[in-house]
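A.B. asks: predicted model and sequence follow; I will ask about them next.
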Amino acid sequence: MTKAKSAGEKATATAESAMESGAEALKSGMEKVLKSYDAVLGFGKETAEACMKSATVAGKGIENLNSELYSYSKQSIEDTIAATKAVMGSKSVHEAFEFQTDFAKSAFESYIGELSKVGELVTEATKETYAPLKGRIQAWLDVVQSARAS
């Protein structure tokens, strides 16, 4: 009977040890999950802030672009009116043709210059808008790598 009692005690001890190990593993796993969850929640808040900053920068970029286009349009209209007056006031067809040719050339050059300015404004606004989000992408990669390493 002593052997049976000893075997029973060993089985009980083994079961208790297995239960304790399982409980520790479960506790450790839950702690890792909660830690990862907290990291994701913190990431979400910081990402929302980055999105707001990005939207603000994008709005400012659109405002700058709109201002530039308005200024160009206003100047273009003024130049067109001045050229029309010059053509209408010309004394000959040849003189009118010269005014029109000069205007067309300067209008085309002005247009090409404006396209270059607009391209630069759009490129700059895009870079500035993306900058806050770029950091969040790297942060997300860090969160994922950290969770995988745990």
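C.D. replies: Sure thing, it's come through. Numbers count the residues shown, from 1 in each chain.
A.B. asks: helix, strand or coil for the residue most central in space within the chain?
C.D. replies: Centroid-nearest residue in the chain: Y130, 3.4 Å away (criterion: C-alpha atoms, centre = their mean). With DSSP: H, G, I helix; E, B strand; the rest coil as the basis, the three-state label of Y130 is helix.
A.B. asks: measure it to L69 for me?
C.D. replies: Using C-beta to C-beta, to the nearest Å, Y130 is found at 22 Å from L69. For glycine as for every other residue, the C-beta is placed from the backbone atoms N, C-alpha and C.
A.B. asks: same check on A86?
C.D. replies: 26 Å.
A.B. asks: likewise S106?
C.D. replies: As for S106, its distance to L69 is 19 Å (criterion: C-beta to C-beta).
A.B. asks: now swap in E46 and tell me
C.D. replies: Using C-beta to C-beta, E46 is found at 35 Å from L69.
A.B. asks: next one: E78
C.D. replies: E78 sits 15 Å away from L69, going by C-beta to C-beta.
A.B. asks: ditto for S90
C.D. replies: S90 is 31 Å from L69, by C-beta to C-beta.
A.B. asks: over to G61?
C.D. replies: Distance from G61 to L69, by C-beta to C-beta: 13 Å.
A.B. asks: how many neighbours does M88 have?
C.D. replies: Residues near M88, counting by other C-beta atoms under 10 Å, number 9.
A.B. asks: ok, T129 next?
C.D. replies: Neighbours of T129 under the rule other C-beta under 10 Å: 19.
A.B. asks: could we number from 16 for the rest of this?
C.D. replies: In the new numbering, first residue 16, that becomes T144.
A.B. asks: spit out the contact partners of it.
C.D. replies: T144 makes contacts with S69, V72, A73, G76, as judged by C-beta atoms under 8 Å, 6 or more residues apart in numbering.
A.B. asks: spatially nearest residue to it (excluding sequence neighbours)?
C.D. replies: A73 (4.4 Å; C-beta to C-beta, 6 or more residues apart in numbering).
A.B. asks: that neighbour contacts E139, correct?
C.D. replies: No. The criterion here is C-beta atoms under 8 Å, and A73 misses it with E139 at 11.7 Å.
A.B. asks: what's the offset of whichever strand or helix holds F118 from the middle of its chain?
C.D. replies: Element membership of F118 [criterion: DSSP states H and E] is helix 108-164. Relative to its chain's centre, helix 108-164 lies at 16 Å (C-alpha atoms, centre = their mean, to the nearest Å).
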